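Chemist: Here you go, sequence then predicted model.
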Amino acid sequence: QLQLVQSGGGLVQPGGSLRLSCAASGFTFSNYDMSWVRQAPGKGPEWVSTINTGGASTYYADSVKGRFTISRDNAKNTLYLQMNSLKPEDTALYYCARGRADTYDYWGQGTQVTVSS
């Protein structure tokens, strides 16, 4: 059974850091591009970042560029999102997703990130 199980997240002060993880199972993780998408309260989904199968190519939304880093460990079937210099506007429910460019077919369960003093 295909699963994307997320961990990490929580409450952090502005300027702080968090790391999200997404453990994949039930499919050949290394064959798929992976992405992070977030949804803030009262807003639609916002693409955050994408990484290609091998991890050599990464892409970021302008809103997080220079602060967030996407990575993957294909040996561990795990996707990561390192978030630094967090801002209140980063507060959202974060999802990992299989695929890229709005062609996501499987999603993690979501994890809340709250940036507040």
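Modeler: Sure thing, it's come through. Everything numeric here is computed off the predicted structure, so don't read it as measured data.
Chemist: Grab the nearest non-local neighbour of the residue most central in space within the chain.
Modeler: The centroid of the chain falls nearest to Trp36 when counting by C-alpha atoms, centre = their mean (3.2 Å). Spatial nearest neighbour of Trp36, chain neighbours left out: Val48 (4.2 Å); criterion: C-beta to C-beta, 6 or more residues apart in numbering. Bear in mind the C-beta positions are built from the backbone N, C-alpha and C, glycine included.
Chemist: Show the backbone phi and psi for the one you found.
Modeler: phi -110, psi -50 (degrees, to the nearest 10).
Chemist: How many residues are close by it?
Modeler: Neighbour count of Val48, defined by other C-beta atoms under 10 Å: 25.
Chemist: Kindly report the same for Thr53.
Modeler: For Thr53, using other C-beta under 10 Å, the count is 15.
Chemist: ok, now which ones touch it?
Modeler: With contact taken as C-beta atoms under 8 Å, 6 or more residues apart in numbering, Thr53 is in contact with 30-33.
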